[in-house]
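K.L.:
just coords:
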């Protein structure tokens, strides 16, 4: 048996449905410093809601999306 670790593997899988994430006020401030355009999207509490285009490690469906992506690549 052999195992491998694919760095940033989950980040290669596209989301197959709409998934939104709430960015806390501290991270929203950092994002707005990088690109001031994001300041207009802050809510009253200072958070920002974003739509994910790629899977993240914290998403419930990330492992399934990555598995499906890998399986399709290997089959092709």
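P.N.:
Arrived safely, thanks for sending. Here the structure is a predicted model, which is why all the values come from computation and not from measurement.
K.L.:
show me the helices in this protein, by range?
P.N.:
25-34, 62-75 (DSSP state H).
K.L.:
buried stuff in the longest one?
P.N.:
When you say that, I think you mean helix 62-75. Buried residues in helix 62-75, defined by neighbour count with 16 or more other Cβ atoms under 10 Å: 62, 65-66, 69. The way it works is simple: take the backbone N, C-alpha and C, and place the C-beta from them, glycine included.
K.L.:
ok, the first one next?
P.N.:
Neighbour counts over helix 25-34 (16+ other Cβ under 10 Å) mark 28, 31-32 as buried.
K.L.:
what comes into contact with that helix?
P.N.:
23, 38-39, 42, 45-48 (Cβ atoms under 8 Å, 6 or more residues apart in numbering).
K.L.:
next: the last one.
P.N.:
Helix 62-75 is touched from outside by 9-10, 12-16, 55-56, 59, with contacts defined as Cβ under 8 Å, 6+ apart.
K.L.:
hang on, the earlier thing: could you dump the buried residues of helix 25-34 into JSON lines with distance to residue 75 and pLDDT added?
P.N.:
Converted to JSON lines, the buried residues of helix 25-34 look like this (distance: Cβ to Cβ, whole Å; pLDDT from 0 to 100):
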{"residue": "28", "distance to residue 75": "40", "pLDDT": "94"}
{"residue": "31", "distance to residue 75": "38", "pLDDT": "91"}
{"residue": "32", "distance to residue 75": "43", "pLDDT": "92"}
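K.L.:
centroid-nearest residue for this protein?
P.N.:
residue 56 (3.8 Å; Cα atoms, centre = their mean).
K.L.:
hang on, isn't it packed against residue 11?
P.N.:
Yes. Using Cβ atoms under 8 Å, residue 56 makes contact with residue 11 at a distance of 7.3 Å.
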